[in-house]
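Engineer: dropping the sequence and predicted coords here.
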Amino acid sequence: MTGLFNMAAQSSDPDSVRRAVLMLWAAEQKAEYHLPALSMVRALTATKTGAPGLTSIVERLYRRGSWVPVTAVASGAGLRTREVTGWRPETPQLRVRRALLPPAADNEQLLSDTGRMVFSMVNKSATILEITLAAEELPYLITQPLVVSYQLDKGEPQRLTLRAGQPPRKVTLRVPAGKHAVRIGIEERFADQFLRVGLQERQTKPERKGHLRQPVVNRIERPYQVATQREPIRLRMEGPAVLRIDELRDGDSTITYRMVGSGFQQVEIAPEKGRAEGLYRFFTHVIVAEKPFVPARYVEIVQTPVPPPTVTIATLAPPGKVRLKDDFPLGRQEDGTWSASGTLIRRKPVQEGGDENLAPEQFMESSATHRYFNGERRYYESGALFRIREHGGPTLGMQARLSQLPLYAPFTWSIAGSLYLQNPVDDTLLPLPGTTQWATHIQGSVYQLRELTPKTWHRPSISLFGRILSRSKINSKDRQEFDQDIFSRYKAEHRYGAVISESLSHRPWLDTLWHGTLSLASNELQDHPVPDHLSLALGWKQLLGAFQTNALYRSSLYFSDMDRSRTLSQNSLGTELIYNRWHGDLDRLELSARMNWHFESQDITSILSLTWHFNNGRGLRDFFPGDLDFRDLRQRMTPTSRNNGMTYESD
């Protein structure tokens, strides 16, 4: 509990309402946190003026306590009294309600809560006391009964039930000579109910004609502390506390608050500049162990019966048969989505900061991939591939990735790994022991998707990677035989490192996406503390029905270091065309063609791919949200003509 309260009190969270709610919860669990919470939430209200929700939290904290006068005045310019007649409440809550109620006469008082009023008198002769009792409620509330009582001396209390809007009830008491006390109070009430009490004395033997009734006016001498510019008021208080300062100025009272820090503090109050003196009363808020329970208002709702229908529809006969329709075989929808691909690839390691003089690598790749979404927030992806290369032996590969959308953590994380095997000097389909080369790679990433506007968002991310290669170097004449995923000079010189990036995306229309990414990659940290390269990518993605076109410009700057004698730049411009076609059984055909022009090497790389997704009714649910562009629009294009269901047939 203490840790939670301290965390909320010391937090730098800009969400002030969130902090206030935590402190309110702690204060309602333990009374010792009430005054610190009230002080801090009141300070938040002063600094975050207009923040929705803060005012209601302050009022809820005030309900658990009451205002008591502060009398420990160390010094000041003296004491002065002002006469007050009638109902003149001082608490902020009652002052607001006084403005919403009819004005009270000088001989009237209004009781709130379960208040009590005691009228003491010393009569030289017998007299008659006339008491007027009326219930008052705020204008916008539904009236409820108010139970009150009155009692003369130690007689039997008399109870009355009043309701706002009804004529006042008059009670006449014959009071003998001597000392007597009349007690009037509220017994049962609802919130925001008041009892208006008026007192008049009717003399049995009037001294003068026309003076049969005399209003009983309660006159109070209300004391005020005086402060001048030379002699300000000094209070000695123990905090944390909220100090309420009531200043009487030109007959009206104004209220200000001051937060008092922890421990014994000296508080100094002086009049504003330009004023010779000021009259003040001081109050502090203290917690009340138990306050009377106030029941909720009962509102009786009278239901109006719905009239019978004007048109009667005949009841249909119950169906004789129920026919089940299974367009998709049961028992396989939960198995995920399989994909099979065939790809022709021509590539060069131009984006790895070197190796520009190598001939392009060309191969044909077949792969199978399995994707699965567990129905909550986790996505699984795994696959295997086989490459037949123009030069060198075939390549086998395995890949896997696990991604988790945020639930308790404020970011998305993923971890991916791969393993490649190849016999570079042998054309056998399977790698052989002793001559097999291999490489493994693992990468973990975390990122957070942050929305700037409904159409714009950015994504900061950080990734850590590591790789292990079976070879640390090879002869230049054998480089052409090695798959780039098995060995490249860049991979051998960068076994591990980190990449930080920031992406900005803007979707001006539903079928258009503009995006840019700036990333910085490290060298191996223990040997090269300077960054390895800086990359900038700018792209445009456009959806055109079943087609999607992409354009991408990429620029990379590779810094000089122990592995690179000079700074190098790599620039490329690429375009891609993707075609998707759904089939009635929700299988999906995907064709894609990509081409990139590399300015420095004056070379072209390309990819031509055909993929068949065996969905079995799962649609796009197994695809990780970041892997598929325009997911919402593609979801609408999913055919719905076939599905599982049931039909009714009459006999």
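Structural biologist: Thanks, I have it.

Engineer: for the rest of this, base every contact and every neighbour count on C-alpha atoms.
Structural biologist: Will do.

Engineer: for the stretch 151-300 of the chain, which spans come out with low pLDDT?
Structural biologist: The model of the stretch 151-300 of the chain has pLDDT under 70 over residues 204-212, 288-293.

Engineer: going along the chain, name the strands of it.
Structural biologist: Under the criterion DSSP state E, counting those that start in this stretch, the stretch 151-300 of the chain contains strands at 158-163, 169-175, 178-188, 193-202, 213-215, 219-228, 233-249, 252-269, 277-287.

Engineer: mind checking the ones you listed for the one nearest to Ala126?
Structural biologist: The minimum distance between Ala126 and these falls on strand 169-175, with 5.7 Å, by CA to CA.

Engineer: please identify the deepest-packed of the strands of the stretch 151-300 of the chain.
Structural biologist: Of all the strands of the stretch 151-300 of the chain, strand 193-202 has the most neighbours on average by mean count of other CA atoms under 10 Å, namely a mean of 22.

Engineer: so what's the gap between that one and the chain middle?
Structural biologist: Averaging C-alpha positions (CA atoms, centre = their mean, to the nearest Å) puts strand 193-202 51 Å from its chain's average.

Engineer: also stretch 82-97?
Structural biologist: Here stretch 82-97 is found 40 Å from its chain centre; the criterion is CA atoms, centre = their mean.

Engineer: same deal with stretch 341-352?
Structural biologist: Relative to the centre of its chain, stretch 341-352 is centred 44 Å away, using CA atoms, centre = their mean.

Engineer: oh, and call the first residue 26 from now on, that's how I've got it
Structural biologist: Sounds good: first residue 26 from here, last item stretch 366-377.

Engineer: returning to that earlier point: as JSON lines, the strands of the stretch 176-325 of the chain with distance to Ser501 would be great.
Structural biologist: Listed next are the strands of the stretch 176-325 of the chain as JSON lines, based on distance: least, CA to CA, whole Å:
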{"stretch": "strand 183-188", "distance to Ser501": "102"}
{"stretch": "strand 194-200", "distance to Ser501": "111"}
{"stretch": "strand 203-213", "distance to Ser501": "98"}
{"stretch": "strand 218-227", "distance to Ser501": "95"}
{"stretch": "strand 238-240", "distance to Ser501": "116"}
{"stretch": "strand 244-253", "distance to Ser501": "94"}
{"stretch": "strand 258-274", "distance to Ser501": "77"}
{"stretch": "strand 277-294", "distance to Ser501": "75"}
{"stretch": "strand 302-312", "distance to Ser501": "84"}
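
Engineer: gap between Arg514 and Leu444?
Structural biologist: 18 Å (CA to CA, to the nearest Å).

Engineer: tell me where the chain has helices.
Structural biologist: 27-35, 41-54, 59-72, 79-88, 117-125, 514-518, 656-661 (DSSP state H).

Engineer: so which of these is the most surrounded?
Structural biologist: Taking mean count of other CA under 10 Å, helix 59-72 is the most buried of the helices of the chain, at a mean of 21.

Engineer: run a quick neighbour tally on Ala130.
Structural biologist: Residues within reach of Ala130, counting by other CA atoms under 10 Å, total 13.

Engineer: surely it touches Arg113?
Structural biologist: No. Ala130 is beyond contact range of Arg113, at 10.7 Å (criterion: CA atoms under 8 Å).

Engineer: which residue is the nearest non-sequential neighbour of Phe507?
Structural biologist: Pro449 (5.5 Å; CA to CA, 6 or more residues apart in numbering).

Engineer: my bad, should have said Ala523
Structural biologist: Distance criterion CA to CA, 6+ apart; nearest residue to Ala523, sequence neighbours excluded, is Leu489 at 4.5 Å.

Engineer: residues in contact with the one you found?
Structural biologist: 468-470, 521-524 (CA atoms under 8 Å, 6 or more residues apart in numbering).

Engineer: output those residues as a markdown table; include the columns distance to Gln183 and pLDDT.
Structural biologist: Formatted as a markdown table, the contacts of Leu489 follow (distance: CA to CA, whole Å; pLDDT from 0 to 100):
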| residue | distance to Gln183 | pLDDT |
| --- | --- | --- |
| Gln468 | 83 | 95 |
| Gly469 | 79 | 96 |
| Ser470 | 77 | 95 |
| Tyr521 | 89 | 89 |
| Gly522 | 87 | 89 |
| Ala523 | 84 | 92 |
| Val524 | 83 | 94 |
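
Engineer: the residue nearest to Trp622 when sequence neighbours are not counted - how many residues pack around it?
Structural biologist: Here the nearest residue to Trp622 in space, its sequence neighbours aside, is Ile629; by CA to CA, 6+ apart that works out to 4.8 Å. Neighbour count of Ile629, defined by other CA under 10 Å: 17.

Engineer: quick check: Ile629 vs Ser581, distance?
Structural biologist: For Ile629 relative to Ser581 (CA to CA), the value is 17 Å.

Engineer: partners of Gln218 in the sheet?
Structural biologist: Listed beta-bridge partners, Gln218: Glu162 (assigned using DSSP bridges).

Engineer: right, and it touches Glu162 too?
Structural biologist: Yes. Using CA under 8 Å, Gln218 is in contact with Glu162, at 5.0 Å.

Engineer: measure how buried Asp654 is and give me the count.
Structural biologist: By the criterion of other CA under 10 Å, Asp654 has 16 neighbours.

Engineer: same question for Pro479.
Structural biologist: When neighbours are counted by other CA under 10 Å, Pro479 registers 9.

Engineer: pLDDT at it, what is it?
Structural biologist: For Pro479, the model assigns a pLDDT of 91.

Engineer: OK, contacts around it?
Structural biologist: Per CA under 8 Å, 6+ apart, neighbours of Pro479: none.

Engineer: separation between it and Thr460?
Structural biologist: Pro479 is 56 Å from Thr460, where distance means CA to CA.

Engineer: same question for Val98.
Structural biologist: From Val98 to Thr460 the distance is 95 Å (CA to CA).

Engineer: do the same with Leu125
Structural biologist: Distance from Leu125 to Thr460, counting by CA to CA: 94 Å.

Engineer: about what we covered before: to Pro485, which of the strands of the stretch 176-325 of the chain lies closest?
Structural biologist: Nearest to Pro485, of all those, is strand 277-294, at 40.5 Å by CA to CA.

Engineer: what packs against that closest one?
Structural biologist: If contacts are counted by 3 or more CA pairs under 8 Å, 6 or more residues apart in numbering; DSSP states H and E, strand 277-294 sits against helix 59-72, strand 258-274.

Engineer: now the strands for the stretch 576-676 of the chain?
Structural biologist: 593-607, 613-623, 628-639, 670-674.

Engineer: possible to save those as a markdown table with mean pLDDT?
Structural biologist: What follows is those, written out as a markdown table (pLDDT from 0 to 100):
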| stretch | mean pLDDT |
| --- | --- |
| strand 593-607 | 93 |
| strand 613-623 | 94 |
| strand 628-639 | 94 |
| strand 670-674 | 76 |
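
Engineer: how about the ones you listed, which one is nearest Gly361?
Structural biologist: Gly361 lies closest to strand 628-639 among those, at 9.2 Å (CA to CA).

Engineer: for His540, which non-adjacent residue is closest in space?
Structural biologist: Ser530 (4.3 Å).

Engineer: tell me the pLDDT at Thr74?
Structural biologist: For Thr74, pLDDT reads 55.

Engineer: cool, Asp552 as well?
Structural biologist: pLDDT, Asp552: 57.

Engineer: got it, and His540?
Structural biologist: So His540 comes in at 96 (pLDDT).

Engineer: what number of residues are in the vicinity of Asn500?
Structural biologist: Neighbour tally, Asn500, other CA under 10 Å: 7.

Engineer: try Ser560
Structural biologist: 19.

Engineer: correct me, but it touches Leu593?
Structural biologist: No. Ser560 lies out of contact with Leu593 (CA under 8 Å); the separation is 11.9 Å.

Engineer: can you list residues touching both of those two?
Structural biologist: When contacts are counted by CA under 8 Å, 6+ apart, the set common to Ser560 and Leu593 consists of Leu582.

Engineer: surely Ile413 touches Pro419?
Structural biologist: Yes. Using CA under 8 Å, Ile413 is in contact with Pro419, at 4.8 Å.
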